[in-house]
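**Q** Predicted model follows, preceded by the sequence.
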Amino acid sequence: MSRHAYKGWPAWIGLGVIAVVALVVGVSQSGGASTPSERIDAIARTIKCPVCPGESVYESRNSVAVNVKNEIAREVRAGRTDDEIRSTLAARFGDSILLVPRASGVDSLVWVLPVVVLVLGVVGLGLAFRRWRLDTASAGAPSAADEALVERAMRDHGDGCR
């Protein structure tokens, strides 16, 4: 390959590194809840109200949602982690109560699949544009055979006017 073929790769590599760093930073963020009240609210925002469609426990004023939020508060005061609390609620009400899918097992596909599709799409577009650019560059000037073919067609069919 020529040196010109490698000209755009540093930009693509840089973009890939930035994307990976952004994903790692995003995954490693813990949410930042520092007080017990903030933790309770943060967990309640990720749990669906068992009664009200489309509302979290944090938003709902239904008595069931209030009881779930009180249970979350008891668990936080008992020193349980956020994941333990969510797992307990999921075991009691089913995994559908979780508004944010778990990042493990089959549920991790919710997080991984969009990233994979995006990366494959970008790579596919890059390859398609590269092929298009190479095809366009190689088209260039007509060959002697092309010119002879056009000359013969012009002689045989005249100038095209009727």
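**A** In hand now; what should we look at? Numbering: from 1, shown residues only.
**Q** Please tell me how far S108 sits from V115.
**A** Using C-beta to C-beta, to the nearest Å, S108 is found at 11 Å from V115. (Glycine included, C-beta is placed from N, CA and C.)
**Q** whoops, D146 was the one
**A** 47 Å.
**Q** And for V68?
**A** Distance from V68 to V115, by C-beta to C-beta: 32 Å.
**Q** do the same with T35
**A** For T35, the distance to V115 - C-beta to C-beta - is 33 Å.
**Q** Give me the more crowded residue out of the two.
**A** Each of T35 and V115 has its neighbours counted (other C-beta atoms under 10 Å); V115 has more, 12 against 9.
**Q** Spatially nearest residue to the more buried one, not counting backbone neighbours?
**A** L23 (6.9 Å; C-beta to C-beta, 6 or more residues apart in numbering).
**Q** Now that the one you found has come up, it's in contact with V116, right?
**A** No - the criterion here is C-beta atoms under 8 Å, and L23 misses it with V116 at 11.6 Å.
**Q** A44: how many residues sit nearby?
**A** Neighbour tally, A44, other C-beta under 10 Å: 20.
**Q** ok, and for the helix or strand where it lies, which residues are buried?
**A** Assigned by DSSP states H and E, A44 belongs to helix 36-45. Neighbour-count burial for helix 36-45 flags R39, I40, D41, A42, I43, A44 (criterion: 16 or more other C-beta atoms under 10 Å).
**Q** Specify which member of these is nearest to R77.
**A** Distance to R77, by C-beta to C-beta, is smallest for I40 among those, at 9.1 Å.
**Q** what does the domain assignment say about this structure?
**A** The chain breaks down by automatic domain parsing into domains covering 29-100, 102-137.
**Q** Quick check: which of those domains is buried the most?
**A** Of all those, domain 29-100 has the most neighbours on average by mean count of other C-beta atoms under 10 Å, namely a mean of 15.
**Q** Please compute how far it lies from its chain's middle.
**A** Distance of domain 29-100 from the chain centroid (C-alpha atoms, centre = their mean, to the nearest Å) equals 25 Å.
**Q** Likewise for stretch 84-104?
**A** 22 Å.
**Q** got the CA positions of that stretch in PDB?
**A** In PDB, the C-alpha atoms belonging to stretch 84-104 read as follows (Å, rounded to 0.1, in the frame of the first residue of the first chain):
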ATOM      1  CA  GLU A  84     -28.200  -5.400  46.700                       C
ATOM      2  CA  ILE A  85     -31.400  -3.300  47.200                       C
ATOM      3  CA  ARG A  86     -32.300  -3.500  43.500                       C
ATOM      4  CA  SER A  87     -31.700  -7.200  43.500                       C
ATOM      5  CA  THR A  88     -34.000  -7.700  46.500                       C
ATOM      6  CA  LEU A  89     -36.700  -5.700  44.900                       C
ATOM      7  CA  ALA A  90     -36.300  -7.500  41.600                       C
ATOM      8  CA  ALA A  91     -36.500 -10.800  43.400                       C
ATOM      9  CA  ARG A  92     -39.700  -9.700  45.100                       C
ATOM     10  CA  PHE A  93     -41.500  -8.000  42.100                       C
ATOM     11  CA  GLY A  94     -39.600  -9.500  39.100                       C
ATOM     12  CA  ASP A  95     -36.900  -8.000  36.800                       C
ATOM     13  CA  SER A  96     -39.500  -5.900  35.000                       C
ATOM     14  CA  ILE A  97     -39.500  -3.500  38.000                       C
ATOM     15  CA  LEU A  98     -36.000  -2.300  37.100                       C
ATOM     16  CA  LEU A  99     -36.100   0.800  34.900                       C
ATOM     17  CA  VAL A 100     -32.400   0.500  34.300                       C
ATOM     18  CA  PRO A 101     -31.300  -2.900  33.100                       C
ATOM     19  CA  ARG A 102     -28.600  -4.700  34.900                       C
ATOM     20  CA  ALA A 103     -25.100  -4.500  33.300                       C
ATOM     21  CA  SER A 104     -24.500  -8.200  33.600                       C
END
